[in-house]
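Colleague: Provide a 3D model corresponding to the input given below.
(chains A, B, C and D)
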Amino acid sequence: MILNEEQTMLRDTLRDFLAEQAPPSALRSWRDRAGVASFDVELWQQLAELGTAALALPEQHGGLGFGYLGLGAAMEALGRNLTLTPTLGSSVLAAELINRAGSDQQRSAMLPAIAAGEVFAVAVNEGSHYQPNMLATSYRDGVLDGAKTMVLNADLAAQWLVVAQRDDQQVVALVAADSPGIECTTEQLMDGSCVSTVHFNRVAVTELLGEGDSRAAIAAALDIASVAVAAEQLGGAEALLEQTVAFLSEREQFGVKIGTFQALQHRCAQLFCELELAKSALAGALFQLDNGADDIAQLASQAKALANDIYLKMSNEATQLHGGMGVTDEMDIGLYLKRSRVTNQLFGDSRYHCDRFATLGGY
Amino acid sequence: MILNEEQTMLRDTLRDFLAEQAPPSALRSWRDRAGVASFDVELWQQLAELGTAALALPEQHGGLGFGYLGLGAAMEALGRNLTLTPTLGSSVLAAELINRAGSDQQRSAMLPAIAAGEVFAVAVNEGSHYQPNMLATSYRDGVLDGAKTMVLNADLAAQWLVVAQRDDQQVVALVAADSPGIECTTEQLMDGSCVSTVHFNRVAVTELLGEGDSRAAIAAALDIASVAVAAEQLGGAEALLEQTVAFLSEREQFGVKIGTFQALQHRCAQLFCELELAKSALAGALFQLDNGADDIAQLASQAKALANDIYLKMSNEATQLHGGMGVTDEMDIGLYLKRSRVTNQLFGDSRYHCDRFATLGGY
Amino acid sequence: MKDYQQFRQQTRDWLEAHCPPSQRQPVIEAEQIWAGRDQYFHNNEARQYFEAMRDRGWTAPDWPAEYGGGGLDETECKILNQEMARLNCRPPLYDMGIWMLGPALLAYGNEQQKRQHLPRIIRGEVRWAQGYSEPAAGSDLASLKTKAEDCGDHFLVNGTKIWTTKADCADWIFCLVRTDPDAAKQAGISFLLIDMHSEGVSTAPIKLISGASSFCQTFFDNVKVPKEQLVGELNQGWAVAKELLKHERKLMSSMSAMVENEQESIAELAKKHTAVDAAGRLTDGSLRRDITRHLMNQGAQDLLNERLYHQARAGAVDPRLGMTIKHIGTAELQRKDELLLEILGNRGLSWENPSTSENEHTIVKNWAYDKAHTIAGGTSEIQLNIIAKRALGLPG
Amino acid sequence: MKDYQQFRQQTRDWLEAHCPPSQRQPVIEAEQIWAGRDQYFHNNEARQYFEAMRDRGWTAPDWPAEYGGGGLDETECKILNQEMARLNCRPPLYDMGIWMLGPALLAYGNEQQKRQHLPRIIRGEVRWAQGYSEPAAGSDLASLKTKAEDCGDHFLVNGTKIWTTKADCADWIFCLVRTDPDAAKQAGISFLLIDMHSEGVSTAPIKLISGASSFCQTFFDNVKVPKEQLVGELNQGWAVAKELLKHERKLMSSMSAMVENEQESIAELAKKHTAVDAAGRLTDGSLRRDITRHLMNQGAQDLLNERLYHQARAGAVDPRLGMTIKHIGTAELQRKDELLLEILGNRGLSWENPSTSENEHTIVKNWAYDKAHTIAGGTSEIQLNIIAKRALGLPG
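Modeller: I've put the predicted structure just below:
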């Protein structure tokens, strides 16, 4: 449940690189620049060269074998620096879908491309999240019809994986991004990131991933994506706590450091406890994945719900504890505040995951 | 929404009398004494002479016209001193039922007796609370069958009012306490108070209150009883806050009064805010009753839910803030802690009242 | 004795005659009539209404008539307010000068200052800004660093003020400045009036987490301020400031009441955006309970205000109650914002996208903007300190 | 080099031979083997097991053999523990002397004290109590007031100690006493061993909110204590105490782990006591969510311990993590107790009534008893202070 030497080095390298090349201030500029794109292509090239796109992929398909704990460490570094990349959408979600639902041949064809930094987009959400029981997007007679929300990196992906209903099965369809009949609207969210809403109107499908029902593979891939978002969230939450503690330790009022006020100390201590709890839940899920566990559904929901809650709380508390400066756009706090709300919705908010955890728990 | 001069005098008289005659330490002795009874008959005689049994009753039936705000003030004084009396069960619940469901003749016959201190018991709960849709206790061919839980003062009442199902109506049946077929088990609860579980096996009914369906009267009487419990709870919560502030202002540790620690100050201040909110919700409900409002259902649920929550929280915080002494039976804190749990269940806990509030709110 | 009944009738008739229909509706922000050099009227009726009220001195009804005020006594003021409320008349003028500086000048200003400033405030010719807060001071207002050096016939002012609302549109600013750097904190502070057109004054807008705002930072770089613009005694500005702070707190709460729009109820919104069962109940029982708990708190909060009102009417105000209002209200508002955002789900993640509605944008903007409410006008932490010490009497 | 493999095999064989079946099950409170004059064995196997372990010195396996201890080295101790765990062997002896006083005597006691006390502790002949806390001291242990006056060959002790577990059954007590009333708090404290049978010692049981308890208050009224019973230097008792406090915290957590019984799961209980829909889901969505949130926290807490375990194994412990354990664990335990009580509804309001079940009584008793967990062994407030300063490095 703890990082080995290579994973620690990876994390440190990535942290240093991002703090230098893509810190929160870079997100602010990115957001304020005209035009809308879900990530900085040049930066992604550099990150892919550092291996970010290939961390947890199987080594025979171009992966680096850093394992899921390694992936978690990378996501934490991205979250800490508020760096926008297609790691989550492509290297995690698309790769896991291909790896779990695809044939050997499909794996060999696509995973090395992802590992090298090529970007795949996955269209899976309808409404607020994935609907495991019945999808409105249908696959029939070789074409797709329907609509998807919250698609990550759709604006810059060359290929898409679309989750669709085929009779009583769910399938994953591979579609070229420039296929006729696709209507894709990309909008910037409050935090500067982008998501797309996509309509499919008789869109021709290149091929399906694997054969038969892919429901289990979809659920497993989404679990891993949820855990990856949780890691990003906890990276952000930890950065916020550090910045808040630093601010309280420095800022003086009424002749003393405000960090000496016991009420503020207790709030920070409480936040630290909840953060460490959430980090433990995350570590538990990653550890099980590295151990080859098949089903981490409850662990994934636990990790995502706890990460959701502490990131929201931490960002509110950090804003308050920074006083007047905390509500200005000048400080980074507001960027984390907004990122926390966006990540909260990615792959399910806490009510969704609590409901799922309870259902899986049989009560 | 504030007490007038007479109500203030009433409250002060009662507070002084109870602090002298029936303070929390009296409850401790009562609890530890052998034998089980729901109140001290002698004390109740004295309280009835002070008018406690007649506060909010109509003046033409022996009431004192202190209004519901006056009743609330009396309940607060009882709650502050943890005094066990049949005020709630008889002077409030039974009297309101008779007043709202009974005929003129029944009112004239029974209300003056209640005002003089005679005790009526109301059997209305099945399971955790009253079931407005369908009762298991039935009234058919002049006899009662079924069972009731959490009956107040059943051990010492001469007459009972039993809420029962008659086909698709609900009626209130008057029964003599010594009727054949009644099986009554009285048990002491954790706080020293008593409640009874009652089984009715072909019990002969003296008469019914009024005619036709009494559902509206039952709901209204229960609303008033809920508000009365809320008043008792807030009296207890306020006493706890005062005792805690006094303790913190006096106790020294590490060379200073522990009341100077900001974290403890903020917790007390937060408790004060929540207490005043709950007191406002209570005052709002009492005020509407005094204004003759017909339906205070949402206000009553609001008052009871907020009183439940702050009393539970206050008693937990008071226990913690008193340190080691707080968990000994020697201090009064533990008596309030337990009373808060019992009153929490009387006429519905917060989940019940929140659900009801939402249903009434149409969402 | 005055004939108040007659005053009421005259006032009613006059308002009926002079307050046009468009000025008898709840005011929205864009239609507020602010004072100052660039005074803006959203339509001709607004101008007519303003000018009629101004000429009667009813932009400042209780100020002395000799400075152009209405000269009304307390009872007349109350009658005027009641009659304006009866017709839904909008406030005729918005200005920090009306709300805050005027009362302070009347209490602390000398005759020359009153003659110079009060008439122009009443006539809406000058827009005033407030210069109290500083970036490094936060809740500890008295630690302010903007300094005014005594240079014979003028002060030389250097420093910066933050959270000055609309300083870029203001003509004058009233400021707390440090005139004795050696004195203990509050002792060396003076109260100065500064012409925003003086050389060395500049402003920069502040961007908030909710986007552009009406707040500015104001910079003073060797600004010369004539000595006549010192209000009250030298180094005694804290007394004037304390007087004003009272008005500010009152203002903060009335402002937030003014801005609040009647929105779709939170329960309705939840029914629209989340699942509902056959009986019309929200399917998500935990969301339903959180909404209920918020509505109950909000209901209790309204009743707390009503209690205060009844206490005031009975002349028996419990001062401890008033201390709770700001903390309770702002905390609950933020909880409501969080719930609303959560209910919107994905749709609550952006503020100006074409795919989301105006109502949704408002919810998201408010969510971000309202984060400031637990900080501005006395942080929640300060409120809790005050409650602990002054309401509960805890030591220290 | 020692042959640890052989030691393991011998230990295993010996335990197989000497630990009877009834001593190979999880221990319940009533069957614990405590030291002292009234030593009680719930059956004959317990006595045999205790005597065999005692005679081998394995009631204190790592203490020197010269005092009757096992004389095992660190590796051998670990092997013994592992082998005992493998067979589920119960601890052979419960005593504050074994857990706390012994290690302190070994570190701070003189030769005479070791010879007098250690063998009797190891043989279970003497039951020890701990006398640290005082009614007025609370978390501020060093403010203790029980004083020991120097009277030539003895100290005269006056004062009272609270929370002395089973003091009424104890033979001896180790106490912190004030020997220099003028010194700064911690400087004037000494560590004394006191025979409970001395004249002037008395005890009174403490009743808790959960009912009768094993805690006592102990009173010292002009008790003469020979000077030889001073451990460590005069006025240097704080050093001994700090050593012991470490053991106490460890003990507190292991004790609470020992006591915990496998109960019906909270979800099962809720399904039994509240409504359930056709799919087996709890109808009350808000209760369902609260239970889930508790179970998630509990799951995360187990994983936090696992993280610590992995860190320890890798020799890279983050000391900040350990600081969170007590606060997190006790707070969550109380939340769980509250939920359980709430689920029971009316049935959770009494503890010994015939109409409610044994399981229900346990839930209610635990609810009351566990209120002490956020106080005993360092209050949650002290834990948060420690985390703020030592884990986060906040100033002050």
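Colleague: okay, strands next: where are they in the stretch 101-250 of chain C?
Modeller: All strands of the stretch 101-250 of chain C, identified by DSSP state E, counting those that start in this stretch, fall at C:128-131, C:147-150, C:154-165, C:172-178, C:189-195, C:201-208, C:211-226, C:230-231.
Colleague: and the gap between the spatially closest residue to A:Gln165 that is not a sequence neighbour and chain C?
Modeller: Among residues not flanking A:Gln165 along the chain, A:Leu135 sits closest, at 4.1 Å (CB to CB, 6 or more residues apart in numbering or on different chains). All C-beta atoms are positioned from the backbone trio N, CA, C, and that covers glycine. Relative to chain C, A:Leu135 is positioned 17 Å away (CB to the nearest CB, to the nearest Å).
Colleague: tell me the residues of the stretch 151-300 of chain A that contact chain D?
Modeller: Selection of the stretch 151-300 of chain A residues close to chain D by CB under 8 Å from any CB of the partner chain yields A:241, A:245, A:248-249, A:256-257, A:259-260, A:262, A:264-266, A:268-270, A:272-273, A:276-281, A:283-284, A:299.
Colleague: any stretches of the stretch 51-200 of chain C with poor pLDDT?
Modeller: Nowhere does the stretch 51-200 of chain C drop to pLDDT under 70.
Colleague: and what of the stretch 151-300 of chain A?
Modeller: Judged against pLDDT under 70, the stretch 151-300 of chain A has no low-scoring part.
Colleague: alongside chain C, which residues does it contribute?
Modeller: So the stretch 151-300 of chain A meets chain C at A:185, A:187-191, A:197, A:251-254, A:261, A:263-264 (CB under 8 Å from any CB).
Colleague: please redo it, this time with the cut-off set to 6 Å
Modeller: Within the stretch 151-300 of chain A, the positions lying close to chain C (CB under 6 Å from any CB of the partner chain) are A:187, A:189-190, A:253-254.
Colleague: out of the residues you listed, which are inside strands?
Modeller: A:187, A:253 (DSSP state E).
Colleague: in a markdown table, list the residues of the stretch 151-300 of chain A next to chain C along with neighbour count.
Modeller: Shown next, in a markdown table, are those (neighbours: other CB atoms under 10 Å in any protein chain shown):
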| residue | neighbour count |
| --- | --- |
| A:Glu187 | 16 |
| A:Leu189 | 21 |
| A:Met190 | 26 |
| A:Gln253 | 16 |
| A:Phe254 | 12 |
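Colleague: find the nearest non-adjacent residue to C:Glu31, please.
Modeller: Per CB to CB, 6+ apart, closest to C:Glu31 is C:His42, 4.6 Å.
Colleague: ok, the one you found touching C:Ile33?
Modeller: No - using CB atoms under 6 Å, C:His42 is not in contact with C:Ile33, being 8.4 Å away.
Colleague: where's C:Arg86 relative to chain A, distance?
Modeller: For C:Arg86 relative to chain A (CB to the nearest CB), the value is 39 Å.
Colleague: mind checking which helix or strand that residue is in?
Modeller: Of the helices and strands defined by DSSP states H and E, C:Arg86 is found in helix C:74-87.
Colleague: show me what secondary structure element comes after that helix.
Modeller: That would be, after helix C:74-87 and using DSSP H and E, helix C:96.
Colleague: chain center to that next one, what's the gap?
Modeller: 8 Å (CA atoms, centre = their mean, to the nearest Å).
Colleague: SS state for the residue nearest to C:Glu31?
Modeller: Following DSSP: H, G, I helix; E, B strand; the rest coil, C:His42 is assigned to coil.
Colleague: coming back round to it: quick one: which of C:His42 and C:Ile33 has more around it?
Modeller: A direct count of neighbours by other CB atoms under 10 Å in any protein chain shown for C:His42 and C:Ile33 places C:Ile33 higher, at 24 against 13.
Colleague: stretch A:26-40: end-to-end distance?
Modeller: Stretch A:26-40 has an end-to-end distance of 10 Å (criterion: CA to CA, to the nearest Å).
Colleague: distance-wise, check C:Asn88 relative to C:Ser355.
Modeller: 37 Å (CB to CB, to the nearest Å).
Colleague: how many other residues sit next to A:Pro180?
Modeller: When neighbours are defined as other CB under 10 Å, A:Pro180 has 9 of them.
Colleague: how about A:Gln243?
Modeller: 18.
Colleague: can I assume it sits in a strand?
Modeller: No - going by three-state DSSP, the assignment for A:Gln243 is helix, not a strand.
Colleague: where does chain C get nearest to chain A, residue-wise?
Modeller: C:Ile209 (3.4 Å; CB to the nearest CB).
Colleague: what pLDDT does that residue get?
Modeller: C:Ile209 carries a pLDDT value of 91.
Colleague: does the closest residue to it other than its chain neighbours sit in a helix, a strand or a coil?
Modeller: Once flanking residues are discounted, C:Ile209 sits nearest to A:Gly334: 3.4 Å by CB to CB, 6+ apart. What three-state DSSP gives for A:Gly334 is helix.
Colleague: kindly report the same for the one 3 residues further on.
Modeller: Using three-state DSSP, the secondary structure recorded for A:Leu337 is helix.
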